[in-house]
Every structure is written in structure tokens, then in C-alpha cells.
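Asks: how would this look folded up:
(one chain, ligands or ions: 1)
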Amino acid sequence: MGTPLDDAGLDTLFRNARTYNGYTDEPVSEAELRAIWDLMKMGPTSANQLPARLVWCVSDAAKAKLAAACSAQNAPKVLKAPVSVVIGMDIDFHEHLPELFPHADAKSWFDGNEALRRESAMRNSSLQGAYFIMAARALGLDTGPMSGFDATMVDAAFFADTPNVTTNFIATLGHGDPATIFARSPRPAFETFNTIA
Ligand SMILES: Cc1cc2nc3c(=O)[nH]c(=O)nc-3n(C[C@H](O)[C@H](O)[C@H](O)COP(=O)(O)O)c2cc1C
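Replies: This next block holds a predicted model:
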């Protein structure tokens, strides 16, 4: 059981948090990257699959490799951000289940069924991508998730040696610069997209 967050916590995670296109010069340390992982890894995935495989691009060379695979709009953001992150997903995540989910023979549920593994890797790595965003916010950082990239190129650049890993989405990370965003887009009221059955 947890304690409800106060208004300041809710503002940090949701109400004041934004998706940033650019960041201040304040650096992001490796300790902060590790702190993000140590929070995001606690978010739930089916049978504790943890299929996400993250590449944290901190060097200019790594950011340039990623930017080369991005749309013209997104490439400069990747180059300029303190950190740019590839959120990949491992379709062979089931090989780790004897360790990660010791309560049952969960590996056997996925052995020989690549279609099920793909579906599950996409679902759970997307959840982990969301946990990444929320963990970064919880630690006072900001992100800019992006789908404007060529996945085949990102896979070739970062996962050539591990063809079982493919790219889900990418994100920038840093201390958001409010000058790089426009006004908040509408968020509809409950009645618009919800039903209570
Ligand atoms: C998975 C995902 C992919 C996105 N792809 C792009 C993108 O390629 N380029 C871009 O400028 N913004 C991209 N966005 C940013 C969204 O437009 C933004 O998060 C949304 O409008 C909400 O903005 P807000 O968090 O500031 O309210 C993406 C966001 C997500 C979550």
C-alpha cells in the first residue's frame, strides 16, 4: 500500500510535466541514468518479462549515429539533447524468465512462438518506455519521446550484433527548456473517451 502523492508530486509527474523539444545546458550524470533504471525496472511487466533494452547515447558519436536515422525534424533534437535514448525490445526475453520469473516455467509459454513473443515484447517494452518517462520526471528530469525515425536504420546502428533486439521508440532526456515547447494540447474530460460499464 502506498501513500497518495501530494499536489507537488502530481504536478511533477503529470500536470506540469511536458514533452520537451530542447534542454538547458545542465548535464545529466551517469548516476542519474542508473537512478532512472532503478526506478523504471520496478514497474510491472507480464511475468516480469522486462523486454526493454535501452541504449543511453551520451557521446557525440552515438548521438550522431542515432540522428542519422531520424526525421529532419527530430535529428537536431537528438544531437543537442544531453542524452538520447533508444528503447529497444528483445523478442528473446523469454530466455531470461527462469531467473526473472522463478515462480513458474514461464519460458515454456513462449518457446517456439515468435508471434506471441513479438506481441508481448511490444506491449511490455512500451510500458517500460512509459515507466522511463515517469521515472525521469520523478527525478526532476524531462524527456522527449519520438517515433519519427527509421527503425531499420536504428536497429542496424545499435543492435546489429543482437538481431533479437529491435527498436520500439527513442527519446531525448535532460532538463527541459520551456522555450522549446508550445502550449499544452487539449486533454479531454472523463466523459469524452471513457465508459463505466
Ligand atoms: C511514442 C511517442 C512518439 C512521439 N513521436 C514524436 C516525434 O516523432 N516528434 C515529435 O516532435 N514529437 C513526438 N512525440 C511527442 C508528442 O507529440 C507529445 O508527447 C504530445 O503531444 C504530448 O505533449 P505534452 O507532454 O507536452 O503534453 C511523441 C510522443 C510519444 C509518446
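Asks: quick check: residues of the protein near the ligand?
Replies: Residues of the chain that fall close to the ligand, judged by CB under 6 Å from any ligand atom: 18-19, 74, 145-148, 169, 181, 184-185. Any C-beta I mention is one placed from the backbone N, CA and C, and that applies to glycine too.
Asks: run the last query once more with 5 Å
Replies: 18-19, 145-148, 169 (CB under 5 Å from any ligand atom).
Asks: now, of the residues you listed, which are buried?
Replies: 19, 145-146, 169 (16 or more other CB atoms under 10 Å).
Asks: in a markdown table, list those along with secondary structure and pLDDT.
Replies: Converted to a markdown table, these look like this (DSSP: H, G, I helix; E, B strand; the rest coil; pLDDT from 0 to 100):
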| residue | secondary structure | pLDDT |
| --- | --- | --- |
| 19 | strand | 98 |
| 145 | strand | 98 |
| 146 | strand | 98 |
| 169 | strand | 98 |
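Asks: neighbours of the nearest residue to residue 80 once chain neighbours are set aside, just the number please.
Replies: Leaving aside its sequence neighbours, residue 80 sits nearest to residue 22 (CB to CB, 6 or more residues apart in numbering; 6.3 Å). Here the number of neighbours of residue 22 (other CB atoms under 10 Å) works out to 18.
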